[in-house]
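Engineer: I would like to see how this sequence folds:
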Amino acid sequence: KNGHIIQDLNHPLENKELFGKYDLVTDLGNNEHPFNIVEAYRTMHRLCKTGGYMIVAQAYLNGNGFYQFDHCTIDNIAAVNSYSVIYSCFIINQGDKHISIPLDKDYLKFINLNEVKSISIFHIIKKNSLEDFKFPYQGKGSGPKANEYYEIKTSYENRLPSKIYLPSSAEEI
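Structural biologist: Below is the predicted model of the structure:
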């Protein structure tokens with residue numbers, strides 16, 4: 001009906017005609033609900049065109065899904081998939097007002113959590129490659145035996161978040 005596509009995000013997307021079809025793919029609090037989070041983000045990756053954008057807004061505090069995202073979850077997915085992080089922030093929900101602050105958990109020390117209904121992470125990321133989706137292992141590429149290591153460098157100069165992903169070798173770690 002109405003051209004909607006029904007997809008259980010716990011399972012692989014079978015319709016290859018949809019791969020690379022969309023300029024914008026969103027996760028507005030959805031991907032914390034499927035139990036197979038890897039498949040949910042792989043599906044987003046596959047739907048998005050190379051050069052297209054993905055918007056991710058996920059619960060950080062007071063969510064209601066299977067998963068509670070850390071402030072670096074999407075950063076790590078971006079690092080191993082060579083995405084560009086265009087923008088990222090925390091969104092503080094205080095009922096009738098929403099405040100965005102840089103995605104650095106040290107800034108949360110200045111927030112009165114008694115007045116907060118929820119906190120979300122928000123990212124705009126750009127897909128830069130035709131490569132298939134890789135899921136990160138903490139601090140280490142896309143597999144437990146990967147020789148690929150990465151380090152996330154974050155800069156908040158001029159209060160504008162900017163991220164640079166620099167590959168590092170095993171000797172440096």
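Engineer: just the buried residues of stretch 36-50, please?
Structural biologist: If you call a residue buried by 16 or more other CB atoms under 10 Å, then stretch 36-50 has these buried ones: 36-37, 39-48. Just so you know, the C-beta spots here come from the backbone N, C-alpha and C atoms, and that holds for glycine as well.
Engineer: let me redo that: stretch 83-94
Structural biologist: 83, 85, 88-92.
Engineer: save these as JSON lines, and put in distance to K109 and secondary structure too.
Structural biologist: Shown next, in JSON lines, are those (distance: CB to CB, whole Å; DSSP: H, G, I helix; E, B strand; the rest coil):
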{"residue": "Y83", "distance to K109": "29", "secondary structure": "coil"}
{"residue": "V85", "distance to K109": "23", "secondary structure": "strand"}
{"residue": "S88", "distance to K109": "19", "secondary structure": "strand"}
{"residue": "C89", "distance to K109": "16", "secondary structure": "strand"}
{"residue": "F90", "distance to K109": "12", "secondary structure": "strand"}
{"residue": "I91", "distance to K109": "17", "secondary structure": "strand"}
{"residue": "I92", "distance to K109": "13", "secondary structure": "strand"}
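Engineer: sketch out the low-pLDDT regions of the protein for me.
Structural biologist: Scanning the chain for pLDDT under 70 picks out 1, 138-173.
Engineer: determine the longest helix present in it.
Structural biologist: Longest helix in the chain by number of residues, with DSSP state H as the criterion: helix 37-47.
Engineer: surely T43 and E14 touch.
Structural biologist: No: T43 lies out of contact with E14 (CB atoms under 8 Å); the separation is 10.4 Å.
Engineer: in the chain, which spans are helices?
Structural biologist: So, for the chain - with DSSP H - the helices run 37-47, 73-81.
Engineer: want to throw those helices into a markdown table with distance to L130?
Structural biologist: Converted to a markdown table, these look like this (distance: least, CB to CB, whole Å):
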| stretch | distance to L130 |
| --- | --- |
| helix 37-47 | 11 |
| helix 73-81 | 11 |
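Engineer: check which residues of stretch 22-29 are buried.
Structural biologist: Buried residues in stretch 22-29 (16+ other CB under 10 Å): 22, 25, 27, 29.
Engineer: so which of these is the closest to I77?
Structural biologist: Here the nearest of those to I77, counting by CB to CB, is D27; it sits at 10.8 Å.
Engineer: verify the stated contact: the closest one with Y53.
Structural biologist: No: in this structure, D27 is not within contact of Y53 by CB under 8 Å, at 11.8 Å.
Engineer: ok, back up a step: elements contacting the longest helix of the chain?
Structural biologist: Contact analysis of helix 37-47 by 3 or more CB pairs under 8 Å, 6 or more residues apart in numbering; DSSP states H and E lists strand 22-28 as its packing neighbours.
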